[in-house]
Structure formats: C-alpha cells, structure tokens
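Novice: from the sequence below, what's the structure:
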Amino acid sequence: MKKILFFLFLFGVSAAWSAEPAAAGTDTSGGKRAAAPALPLPSIREAIEKDPHLYRDVLFFLRALAIVRENYVDRGKVSDGKLLKAALRGMLQELDPFSMYEGPEQLRALKEDTAGRFAGVGMTLSRRGNAVQVVSLVDGAPARKAGILPGDVLTEVDGHSVAKMNFRDCVARLKGPPGTQVKIKVYRRSSDAVFDFTLTRAFIKIPSLHGVKVIGNEFGYIRISSFSRTTAGDLDKALADFAAKKVRGIVIDLRNNPGGLLSAAIEVCSRFLKKGELVVYTEGQSERSKQRFYAGDAVKYPDIPLVLLVNGNTASAAEIFSGCLQDHHRAVLLGTKTFGKASVQTVIPLPDKGAMRLTTGKYYTPSRRVIHEKGIMPDIAVPVTPGAEALLALRLNTEPGEILAKDGRGVKDIQLERALELLKGVDLFLKNRNSR
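Specialist: Numbering: from 1, shown residues only. Here you go, the predicted structure:
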C-alpha cells in the first residue's frame with residue numbers, strides 16, 4: 001500500500017510539472033530576465049532507475065514529515081502545505097545563495113518591481129557567504145546621500161536580522177512605495193563599527209556611464225557603473241569623441257560595477273573584438289543550459305590600448321566583459337580580484353503560482369575559466385586598504401577619473417594612477433617601435 005501511495009505521489013508531482021508552461025525566464029547573471037529554452041520535464045521512472053535509493057530516501061522524508069506533523073507543539077504551523085514549502089525552501093537554500101523558492105506574493109512583487117512600480121534606496125547587494133554586502137550605490141539615491149559605502153554589510157532591516165532572512169526577503173524589505181522609510185544597520189569593516197540609517201525610498205534612475213573625459217590631453221577615461229540597455233550606445237558616443245580627439249589609450253573603470261544585462265556586456269565586448277569571436281559561454285547539467293555568445297556587428301576599435309580597472313565589487317556582467325577581453329589579450333586588467341558572481345538562474349513556474357529560481361548553469365570565459373565563486377584575477381595587482389577603498393568609492397561617484405580630489409585632499413587613487421602610467425609606457429613603446 002505504501003508503494004502505491006508513493007507512486008501516486010510521484011505521479012501527482014509529474015502531472016503538476018506537466019501542467020505548467022514550458023518556457024521559463026533566465027536571469028542573465030545580473031538579475032534581468034530573458035526568454036530561455038524550457039528545461040526538460042523530470043522523468044520519475046528515469047530518476048528511480050538512476051538512483052535505486054530514491055524510494056527509500058523519500059520514505060525517510062515522509063516519515064520525518066509525519067513525526068513533525070503529529071508531535072510539534074503548535075499545530076497551526078504544521079499543515080502539509082506549510083511543511084512541504086518549508087522543505088522546498090530549505091532544499092534550494094542548501095544548494096547556493098541564489099537558488100530559492102518564491103511564493104505567489106513574492107513572485108508578484110518581483111514582477112511589479114521589474115515593471116517599475118516600486119521604489120528603493122539605490123543599493124546593489126550581493127550575498128557573500130552568510131553576509132549581505134553592498135556592492136555599489138546609485139548617484140543621488142537615498143543610500144548614497146545617507147553615507148552608506150560599498151563594502152558595508154547589512155545586519156538589520158527594520159529591526160529584523162538579515163542573518164535570519166533569505167536574500168530575496170532582504171531585498172524585498174528595502175523596496176516599497178516612494179516616500180516611505182526603511183531603517184537599516186550596517187557594519188563597516190574599515191572602521192570596525194555599526195551605523196544606523198533611516199532611508200526614504202524613491203524612484204531610482206541608474207545612468208550607465210560616468211566621468212567620460214580626456215585626462216591630460218592624452219588618454220580617455222570612462223566609468224561604466226552598470227551594464228544596461230543604453231550602455232553600448234552611450235559607449236559609442238564616448239569612443240567616437242575619443243577617436244576625434246586622437247587619444248592614445250583608454251581606461252575603462254569597472255570598480256564597484258555590479259553587472260547588469262548579459263546582452264549589454266556582449267555588445268560592449270563587440271566594440272573591441274572581431275565579429276564572431278567568442279565572448280562567453282554557459283554550461284550546466286542540461287543540454288539546454290549550454291550556450292555560446294559571440295561578438296556581433298559594431299563600429300570596431302581593435303587597436304586602441306585598453307586598461308580595465310577592477311576590484312572586489314566588480315561582479316557579474318562586468319566580470320564577463322573583463323574576462324573576455326583578458327582572454328583575447330585585448331586589455332590589461334589592473335586592481336584586485338573581482339567578486340565572483342556569474343551563474344545562470346532559471347525561473348521555473350510551479351502549480352501554486354509561485355516559482356523556483358534555480359541555478360542551472362555557470363558562465364565561462366573563452367579560455368574556459370569559471371567566473372562564479374572564483375572571480376577574475378587582474379594582470380597587475382594593485383591592492384588598497386579597506387579604508388582607502390571606501391573613500392575611493394565615494395569619489396568614484398562624485399569625481400570619477402580624478403587621481404586626487406579636486407580640493408587636493410583625501411586619498412590618492414593609486415589604481416587609476418598606475419593605469420595611466422601603464423598607458424604612457426605602452427604609448428612610448430609603440431612610438432619607439434614605429435620610429436625605427
């Protein structure tokens with residue numbers, strides 16, 4: 001009888017999966033969704049054939065479920081539905097920080113958020129182990145105005161411990177209607193102190209490029225703060241202006257860039273690579289997770305010397321761009337190791353109108369280096385202290401492309417200084433070679 005009930009249970013699971021739409025959305029490493037091939041429907045028979053212990057393990061789980069249901073002190077908390085969804089959440093959270101179950105309300109809020117109906121505080125966050133860390137801030141946004149810095153670690157949101165939340169819940173608590181307030185606590189390693197902030201939510205507009213300028217009448221400087229739909233077009237204007245001014249090299253500043261759209265990273269790579277050269281590829285357990293992305297048509301700048309500035313908050317699409325140009329020997333990377341976040345999350349609808357967000361692949365550079373949890377090592381390491389990095393993060397938003405603050409005070413941007421020295425050396429070498 002138990003065996004019959006077990007297979008009826010499995011049949012019900014299979015039928016529920018089959019009733020859902022085939023296509024799922026794919027998170028392209030920076031939180032933006034695009035159409036993706038349907039994942040293969042699970043075959044219960046194949047699963048049992050591959051793992052003869054599956055029946056035993058499911059019975060083990062059902063027995064534990066029955067013990068909890070019959071003995072837990074608060075009967076209102078142990079309905080079958082609540083326990084099974086809690087088990088699903090725990091299973092996904094055990095896999096990695098980015099796989100999770102989103103209930104109907106969470107999924108609806110996510111859709112409304114991506115449609116621009118909700119406001120926030122202007123912080124990009126990422127999970128680092130058990131901590132939720134600020135990766136970057138938007139110029140003029142509430143978090144930046146309040147004095148929060150990249151590298152700060154969130155400890156509380158509205159009195160709730162971040163350590164007891166999953167990542168999605170933490171992000172959701174920071175968002176809400178414009179004009180409403182949220183209270184947060186952060187730990188700042190550079191000063192070994194905890195700070196309290198009260199932020200008023202607002203609609204956030206995120207520009208893609210900052211500080212486009214020519215430094216010393218010699219070299220171009222561009223800070224890409226994120227990869228969005230406008231990045232490639234904005235970059236074309238900047239590169240055309242640099243070409244007209246005959247710059248002899250370009251610094252592209254990717255420090256504190258949390259990523260963005262994969263398509264934007266591919267478009268930016270296409271400006272510096274030949275058409276058809278490999279930019280990045282993905283691999284996972286399913287054949288459908290294996291994709292390759294190549295440089296496309298664009299106005300090309302194949303010869304201009306490039307230095308990319310990177311640090312521990314350079315993540316996602318910014319790492320894909322950096323790793324690609326490094327592998328093709330098209331740019332020199334200078335700074336510190338990048339964050340290490342480049343995985344594919346696929347959103348799979350479930351019968352309860354919620355969804356699973358499941359990591360189904362990882363991004364690899366053209367030379368087959370995995371980015372996720374590894375990061376990209378710079379060609380030239382130029383470390384800075386945590387305190388200096390925090391001060392530089394502020395100046396990147398107010399005075400990008402400045403080695404020293406305009407008032408002459410504050411910490412020197414030694415990474416930018418070294419990048420310009422490197423371009424000067426390359427320029428001198430090319431001049432000497434061409435004069436022979």
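
Novice: ok, now which ones touch residue 424?
Specialist: Contacts here follow CB atoms under 8 Å, 6 or more residues apart in numbering; on that basis residue 424 touches 218-219. From N, CA and C alone the C-beta is placed, and that goes for glycine too.

Novice: surely it forms part of a helix?
Specialist: Yes - Residue 424 sits within a helix when classified using DSSP: H, G, I helix; E, B strand; the rest coil.

Novice: which residues sit against the longest strand seen in the chain?
Specialist: Longest among the strand segments of the chain by residue count, using DSSP state E, is strand 355-364. Around strand 355-364, the neighbours that count as contacts under CB under 8 Å, 6+ apart are 26-27, 29, 39, 88, 92, 95-96, 98-102, 107, 168, 280-286, 289-291, 320, 342-350, 370-372.

Novice: switch the cut-off to 6 Å
Specialist: When contacts are defined by CB atoms under 6 Å, 6 or more residues apart in numbering, strand 355-364 is touched by residues 96, 98-102, 107, 280-284, 289, 320, 342-349, 370-372.

Novice: going by neighbour count, which of these are buried?
Specialist: Buried subset of the contacts of strand 355-364 (neighbour count, 16 or more other CB atoms under 10 Å): 98-102, 107, 280-284, 289, 320, 342-349, 370-372.

Novice: in the protein, which ranges drop under the pLDDT threshold?
Specialist: When the per-residue scores of the chain are filtered using pLDDT under 70, the ranges that remain are 1-49, 109-118.

Novice: okay, now the domains of it?
Specialist: If you go by automatic domain parsing, the domain ranges for the chain are 2-21+38-97, 111-200, 209-345+358-434.

Novice: the last one: how far from the chain's middle?
Specialist: The chain centre lies 15 Å from the centre of domain 209-345+358-434; the measure is CA atoms, centre = their mean, to the nearest Å.

Novice: what's the end-to-end length of that domain?
Specialist: With CA to CA, to the nearest Å applied, domain 209-345+358-434 spans 34 Å between its terminal residues.

Novice: run through the bridge partners of residue 123.
Specialist: Partner residues in beta bridges with residue 123: residue 137, with DSSP bridges as the criterion.

Novice: ranges for the helices of the stretch 251-400 of the chain?
Specialist: If you assign secondary structure with DSSP state H, counting those that start in this stretch, the helices in the stretch 251-400 of the chain sit at 262-270, 317-327, 386-398.

Novice: quick revisit: what is the orientation angle of the longest strand of the chain with helix 262-270?
Specialist: Taking axes from the mean of the first three to the mean of the last three CA atoms, to 10 degrees, one finds that strand 355-364 is oriented at 20 degrees with respect to helix 262-270.

Novice: can you mark which positions in strand 355-364 are buried?
Specialist: For strand 355-364, the neighbour count (16+ other CB under 10 Å) marks 355-364 as buried.

Novice: redo these as TSV? Include distance to residue 209.
Specialist: Compiled in TSV, those are given as follows (distance: CB to CB, whole Å):
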residue	distance to residue 209
355	34
356	36
357	30
358	34
359	31
360	32
361	29
362	28
363	23
364	27
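
Novice: ends of stretch 204-220, how far apart?
Specialist: With CA to CA as the measure, the ends of stretch 204-220 fall 28 Å from one another.

Novice: hmm, back to that, out of the helices of the stretch 251-400 of the chain, deepest packed?
Specialist: helix 317-327 (a mean of 28; mean count of other CB atoms under 10 Å).

Novice: just the CA trace of that one, in PDB.
Specialist: Coordinates of the C-alpha atoms in helix 317-327 are reproduced here as PDB (Å, rounded to 0.1, in the frame of the first residue of the first chain):
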ATOM      1  CA  ALA A 317      28.300  41.100 -16.400                       C
ATOM      2  CA  ALA A 318      31.300  43.300 -15.600                       C
ATOM      3  CA  GLU A 319      33.300  40.100 -14.900                       C
ATOM      4  CA  ILE A 320      32.200  38.600 -18.200                       C
ATOM      5  CA  PHE A 321      33.400  41.700 -20.000                       C
ATOM      6  CA  SER A 322      36.700  41.700 -18.100                       C
ATOM      7  CA  GLY A 323      37.400  38.000 -18.500                       C
ATOM      8  CA  CYS A 324      36.600  38.100 -22.200                       C
ATOM      9  CA  LEU A 325      39.000  41.000 -23.100                       C
ATOM     10  CA  GLN A 326      41.700  39.500 -20.800                       C
ATOM     11  CA  ASP A 327      41.400  36.100 -22.600                       C
END
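
Novice: for the residue nearest to residue 350 when sequence neighbours are not counted, list each beta-bridge partner.
Specialist: Using CB to CB, 6 or more residues apart in numbering and skipping the chain neighbours, the partner closest in space to residue 350 is residue 356 (6.3 Å). Using DSSP bridges, the beta-bridge partners of residue 356 come out as residue 101, residue 348.

Novice: quick one: residue 356 from residue 107, how far?
Specialist: Using CB to CB, to the nearest Å, we find residue 356 at a distance of 10 Å from residue 107.

Novice: same check, this time on residue 92
Specialist: Looking at residue 92 against residue 107, where the rule is CB to CB, the gap reads 14 Å.

Novice: helix/strand/coil for the spatially closest residue to residue 157 that is not a sequence neighbour?
Specialist: Among residues not flanking residue 157 along the chain, residue 173 sits closest, at 4.5 Å (CB to CB, 6+ apart). Classification of residue 173 into helix, strand or coil gives helix, according to three-state DSSP.

Novice: any idea how many residues pack against residue 173?
Specialist: As a burial measure, the neighbour count of residue 173 was computed by other CB atoms under 10 Å and equals 17.

Novice: equivalent analysis for residue 261, please.
Specialist: Residue 261 is flanked by 22 other residues according to other CB under 10 Å.
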